[in-house]
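>>> please work out how this folds:
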Amino acid sequence: MRIGLMTDMYRPTISGVVNFLVAYKRALEDLGEDVYVLTFGDYPDEEERVIRSPSIPLNKDVGVYLGLDLGSTAKSLCQSMDVLHVHHPFLSGQLALYYGRKWNIPVVFTSHTRYERYAHYVPLVPESLTRAVLDAYMPRFFNQCDLVIAPSPSTYRTLSEYGVETRIEMVPNGIDLDLFASSREELRPEGLGIMPGDLVLIYVGRMAKEKNVDFLLEAYALALTEVPNLCLLLLGSGPEYEALQEMSRDLGVEARLRFMGDVPYEHVPGYLMMADLFVMPSGGEVHPLSILEAFAAGLPVVGAQVPGVADVIADGVNGRLVRHTVSSFSHAIVSLARDPDARARMGREASKEGSRNSIDRTADRMVELYRELVAGGTSIGA
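Residues are numbered from 1 along each chain as shown. Now for the predicted structure:
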């Protein structure tokens, strides 16, 4: 089967969606499928079957481009696809719908993101207006697709509340467990200043407003007053990176905190495996792959009782779910820091849960769904 994965961005962008797509493409290829990534820009890909269309670079260093149409090579390939699976609802989403209708190709969309949490990124437009536009646009987009994938129960409920009439299937996004199998030796990178006896907390993700890393720094500063041997590693970058560094200095915690910046995805498992506890401060997610990666590394996770996060953490089993307040979050960190037996027990359960979230399972189920669509022809999106 010929599968076109359409996305607004791909490598070298570092994001959960891109990490998923890289692993997902490989998993589909391992099943013998003929898979192409259709995206934008002029990045010199070493990976085969990544087809880029001409576009305007918005941030070329991180691979963000504005593309309004497919290039001639991409159009020719797109026409030969059996199914188009799009992963962003705007640029590539509209192109998938247009060419899917034109050539009678089924269009699948995976809802990876809680888009309303990104409304503040639209310049010169009030956030409330941006949210209203999203509320009008998203249901219409969903209903023009032939199949919508919800990676988590909370996303499924959100889509249902939108009044989506298109068929919705819940298929969790998986992770590449092979990366963790090859990184089982605990690492302590030189130069981090992590001392014997330190208890290491770790966060992996964007340094951005919607990720609430400022909330994490406040909770960490409070926890540090009770457990002074806590060390916090922050992996990732983003628009709030420098402001968060300044905040760490204002809080007086910079000596015990390490901003690592962007880390190549294949190195992330090594950092996770040298930590003791994963911390997820976000106020809402879809299906947080960073938590699944922490589970695969055998880490218990502290997170808030919010959509997406609450779908994957079982409170008291593989981590702690708490109210989204600084005091509650800090208390959970302190409690687990002082209880190595609980951390070990939750870590074992986390590892079991991580092993159930293989990207191969995701690919197997999606191929079944693709074949159903191809056999039945396009429906609502036709």
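
>>> ok, T113 touching D8?
No - when contacts are counted by C-beta atoms under 8 Å, T113 is not listed as touching D8 (11.1 Å). Using the backbone N, CA and C atoms, a C-beta is placed for each residue, glycine as well.

>>> all helices of the protein, in order?
Counting by DSSP state H, the segments of the chain that form helices are 16-30, 72-79, 91-103, 127-144, 153-161, 178-181, 213-224, 241-251, 268-273, 289-296, 309-312, 326-337, 340-355, 359-376.

>>> include mean pLDDT, distance to R167 and mean neighbour count when you put those helices into JSON lines, please.
JSON lines is the format used below for those (pLDDT from 0 to 100; distance: least, C-beta to C-beta, whole Å; neighbours: other C-beta atoms under 10 Å):
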{"stretch": "helix 16-30", "mean pLDDT": "96", "distance to R167": "20", "mean neighbour count": "20"}
{"stretch": "helix 72-79", "mean pLDDT": "97", "distance to R167": "23", "mean neighbour count": "16"}
{"stretch": "helix 91-103", "mean pLDDT": "97", "distance to R167": "15", "mean neighbour count": "20"}
{"stretch": "helix 127-144", "mean pLDDT": "81", "distance to R167": "10", "mean neighbour count": "14"}
{"stretch": "helix 153-161", "mean pLDDT": "92", "distance to R167": "11", "mean neighbour count": "17"}
{"stretch": "helix 178-181", "mean pLDDT": "88", "distance to R167": "32", "mean neighbour count": "16"}
{"stretch": "helix 213-224", "mean pLDDT": "98", "distance to R167": "37", "mean neighbour count": "22"}
{"stretch": "helix 241-251", "mean pLDDT": "98", "distance to R167": "40", "mean neighbour count": "15"}
{"stretch": "helix 268-273", "mean pLDDT": "94", "distance to R167": "34", "mean neighbour count": "22"}
{"stretch": "helix 289-296", "mean pLDDT": "97", "distance to R167": "24", "mean neighbour count": "27"}
{"stretch": "helix 309-312", "mean pLDDT": "96", "distance to R167": "21", "mean neighbour count": "22"}
{"stretch": "helix 326-337", "mean pLDDT": "98", "distance to R167": "38", "mean neighbour count": "20"}
{"stretch": "helix 340-355", "mean pLDDT": "98", "distance to R167": "28", "mean neighbour count": "17"}
{"stretch": "helix 359-376", "mean pLDDT": "97", "distance to R167": "9", "mean neighbour count": "17"}
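
>>> let's have those in TSV, adding distance to S55.
Converted to TSV, the helices of the chain look like this (distance: least, C-beta to C-beta, whole Å):
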stretch	distance to S55
helix 16-30	16
helix 72-79	11
helix 91-103	9
helix 127-144	21
helix 153-161	29
helix 178-181	30
helix 213-224	30
helix 241-251	26
helix 268-273	28
helix 289-296	26
helix 309-312	34
helix 326-337	40
helix 340-355	36
helix 359-376	27
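
>>> V171: which of the ones you listed is closest?
Nearest of the helices of the chain to V171, taken as C-beta to C-beta: helix 359-376 at 5.2 Å.
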